[in-house]
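K.L.:
quick one, what's the 3D model for this:
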Amino acid sequence: RKEPQPLVIPRSAAEEQRLRLERLMRNPEKTVPIPEKLNEWAPRPPPEFVRDVMGSSAGAGSGEFHVYRHLRRREYQRQDFMDAMAEKQRLDEEFQKKLERNKMIAEEQTAKRRRKRQKLKEKKLQAKKNKLEQKKQEK
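P.N.:
Have a look, this model is predicted:
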């Protein structure tokens, strides 16, 4: 049977996190629920065919204005969503280009330093060979 746990009210975010970790670590064999990423919100697509939309002009019935207003709000919301998605896509592309550019610069620097190390290594080997040859000639 489970023993009752004392009621602890966390006073900070760190304390709350510590309490959650303690609760998880009480039974390490138990699987931890990891929430799935929620799908992004997307507006409903515009209707294929809208019948009898009179708008807010004269001659419309008292209820037609509200229908028009809701359609207009939904369309503005859809346009804002499309603009936000285009902006997000543009920023993602810029970020990918920046990553590629940084990667190329890092590779160039690495290659340059590698060439320098190789050059120094070859110089040392050449100096060693020259030294051995001088010793042989002296003998």
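
K.L.:
look up how far Q5 lies from the spatially closest residue to P10 that is not a sequence neighbour.
P.N.:
Sequence neighbours aside, E16 is the residue nearest to P10 in space, at 3.8 Å (criterion: C-beta to C-beta, 6 or more residues apart in numbering). Every C-beta, even on glycine, is put in place using the N, C-alpha and C of the backbone. Distance, E16 to Q5, by C-beta to C-beta, to the nearest Å: 15 Å.

K.L.:
which one of those two has more residues nearby?
P.N.:
In this view E16 and Q5 are compared by other C-beta atoms under 10 Å, and E16 has more residues nearby, 13 against 9.

K.L.:
isn't that one right up against E22?
P.N.:
No: using C-beta atoms under 8 Å, E16 is not in contact with E22, being 10.8 Å away.

K.L.:
where are the low-confidence patches of the chain?
P.N.:
The model of the chain has pLDDT under 70 over residues 1, 50-60.

K.L.:
make it 80
P.N.:
Scanning the chain for pLDDT under 80 picks out 1-3, 5, 46-47, 49-65, 67.

K.L.:
centre-most residue in the protein?
P.N.:
D92 (9.2 Å; C-alpha atoms, centre = their mean).

K.L.:
contacts only, for it.
P.N.:
Neighbour list for D92: empty [criterion: C-beta atoms under 8 Å, 6 or more residues apart in numbering].

K.L.:
for it, helix, strand, or coil?
P.N.:
Taken by DSSP: H, G, I helix; E, B strand; the rest coil, the conformation at D92 corresponds to helix.

K.L.:
equivalent analysis for P10, please.
P.N.:
With three-state DSSP as the criterion, P10 reads coil.

K.L.:
circling back: so how far is the strand or helix carrying the residue nearest to P10 off the chain centroid?
P.N.:
Element membership for E16 (DSSP states H and E) is helix 13-25. Distance, stretch centre to chain centre, for helix 13-25: 26 Å (C-alpha atoms, centre = their mean, to the nearest Å).

K.L.:
could we number from 643 for the rest of this?
P.N.:
Okay, using 643 as the starting number, the last item reads as helix 655-667.

K.L.:
what's in contact with it?
P.N.:
Under C-beta under 8 Å, 6+ apart, the answer for helix 655-667 is 650, 652, 672, 674.
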